[in-house]
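S.K.: my questions concern the predicted model and sequence given below.
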Amino acid sequence: MNRIAEVQGGQFFTNVEAFEKFLMLPPCKQEGCQAVTDLRDGRKYAGRAWDAGKQFIEGAYPDERKGLCHLCAYWLEMERADAKRTSGVVVQREYSTSEGVKVERWHYSYDEDEPMVSTQRRQMLGHGGAHWNIEYYDGRKVETNNLWCQSTIPEWFLDRFPVNAKFV
């Protein structure tokens, strides 16, 4: 069997038939979406809407996310979650590469009701239970040993996630 294992925002394809079905899905409807499936042979495909076929149980994909690729749906969900909580952490990271300085914005979160967890094994905590000090630009300071990273924020979502904190 000819196998491909490509990823698009977390979606894996393990055979040619599944990938061909993916290519028949409409492109993501999120304005500015730049999600791309990179194939090993250099071909690229724009992000595809996950819900366009019958690959989901009815009602399993929220209506407001229909027509979106996984990556856009994920970051819109992060935006919604941040609007409900105060534990969304957005930091800017800069590092040197062979092409110059690269700047990325990263999203993290923790349980605002229990930022310091002592009842679980460290292996079950974010970052293995490592201790983090967060200083928000609004003056709040938080210590947590259960920090979870959601990833680098895609360029087309940067305006929705302003930098709001730093690690100290």
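M.R.: Everything's here; your move. Numbering: from 1, shown residues only.
S.K.: now stretch 122-134: buried residues?
M.R.: Leu125, Gly126, His127, Gly129, Trp132, Ile134 (16 or more other CB atoms under 10 Å). In short, each C-beta sits where N, CA and C put it, glycine included.
S.K.: in CSV, list the residues you listed along with pLDDT and distance to Ser151.
M.R.: Shown next, in CSV, are the buried residues of stretch 122-134 (pLDDT from 0 to 100; distance: CB to CB, whole Å):
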residue, pLDDT, distance to Ser151
Leu125, 89, 18
Gly126, 88, 13
His127, 89, 14
Gly129, 89, 20
Trp132, 95, 17
Ile134, 96, 18
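S.K.: nearest to Ala35, of those residues?
M.R.: Of all the buried residues of stretch 122-134, Ala35 sits closest to Gly126, with 25.2 Å by CB to CB.
S.K.: where do the helices sit along this structure?
M.R.: 16-24, 70-84 (DSSP state H).
S.K.: give me the distance between Ala35 and His70.
M.R.: From Ala35 across to His70, the span is 8 Å (CB to CB, to the nearest Å).
S.K.: between the two, who's got more neighbours?
M.R.: Set Ala35 next to His70 and count neighbours by other CB atoms under 10 Å: Ala35 wins out with 22 against 19.
S.K.: these two touch, right, the more buried one and Tyr74?
M.R.: No. Contact criterion CB atoms under 8 Å: Ala35 and Tyr74 do not qualify, at 10.0 Å.
S.K.: and which of the buried residues of stretch 122-134 is nearest Asn145?
M.R.: Gly129 (4.9 Å).
S.K.: read off the pLDDT value for the nearest residue to the closest one once chain neighbours are set aside.
M.R.: Spatial nearest neighbour of Gly129, excluding adjacent residues (CB to CB, 6 or more residues apart in numbering): Arg122 at 3.3 Å. pLDDT for Arg122: 78.
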